[in-house]
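**Q** I'll drop the sequence and a predicted model, then ask my questions.
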Amino acid sequence: MKSFTFTVERGLSPRALDNTSGNHGGFTPDRRTVTMVVEIEQLALATLNPRTLEAGATLGAFTLSVGSTATNRFSSSTAGSNLAVVRSVTDSDDGPTAMTQITMQFYPSTPNANDEVRVRFD
């Protein structure tokens, strides 16, 4: 893995005006959108074919671990992720190495749960 970015977005929508006073009715929060973009060296397609996973649009578990020694590592995991976009990367820094950028969207385990992602430092 060369790099990754992790994004959590949540929009707000205005509510209707208060019927009795005409005051602003406040805001309603939208659902969260949790995404991770990972740039990896392209593996042999027999090992991992990200374009097949993208076309299948199936949910699956995903874990990303960074670091190897205790107190200097963390992991991010989810039970429901969908490989949303796969893109080949052209970067002069990597020379002839084939790189792929994978964008995943994380989903909660149930519609009302707030467990799109778990981050653990240890």
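**A** Received the coordinates, thanks.

**Q** which strand or helix spans the residue most central in space within the chain?
**A** Taking CA atoms, centre = their mean, the centroid of the chain lies closest to residue 35, which sits 2.4 Å from it. Assigned by DSSP states H and E, residue 35 belongs to strand 33-41.

**Q** next, the buried residues of the helix or strand just after that strand.
**A** Reading on from strand 33-41 to the C-terminus, the next helix or strand found by DSSP H and E is helix 50-56. Neighbour-count burial for helix 50-56 flags 50, 53-54 (criterion: 16 or more other CB atoms under 10 Å). Where you see a C-beta, it was placed from the backbone N, CA and C, and this is true even at glycine.

**Q** ok, so of those, who is nearest residue 100?
**A** Comparing the buried residues of helix 50-56 against residue 100 with CB to CB places residue 50 closest, at 6.2 Å.

**Q** for the closest one, report the pLDDT, please.
**A** For residue 50, the model assigns a pLDDT of 81.

**Q** isn't residue 17 right next to residue 26, touching?
**A** No. Using CB atoms under 8 Å, residue 17 makes no contact with residue 26, being 10.1 Å away.

**Q** what is the strand ranked longest in the chain packed up against?
**A** Of all the segments assigned as strand in the chain under DSSP state E, the longest by residue count is strand 74-89. Strand 74-89 is packed against strand 33-41, helix 50-56, strand 60-66, strand 99-107, strand 118-121, with contacts defined by 3 or more CB pairs under 8 Å, 6 or more residues apart in numbering; DSSP states H and E.

**Q** partners of that strand, with directions?
**A** Counting by DSSP bridges, the strands paired with strand 74-89 are strand 60-66 (antiparallel), strand 99-107 (antiparallel), strand 118-121 (antiparallel).

**Q** redo the helices and strands packed on strand 74-89 as CSV? Include distance to residue 79.
**A** CSV is the format used below for these (distance: least, CB to CB, whole Å):
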stretch, distance to residue 79
strand 33-41, 12
helix 50-56, 16
strand 60-66, 6
strand 99-107, 9
strand 118-121, 9
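
**Q** so which of the ones you listed is the most surrounded?
**A** Neighbour counts (mean count of other CB atoms under 10 Å) averaged over each of the helices and strands packed on strand 74-89 peak at strand 99-107, with a mean of 19.
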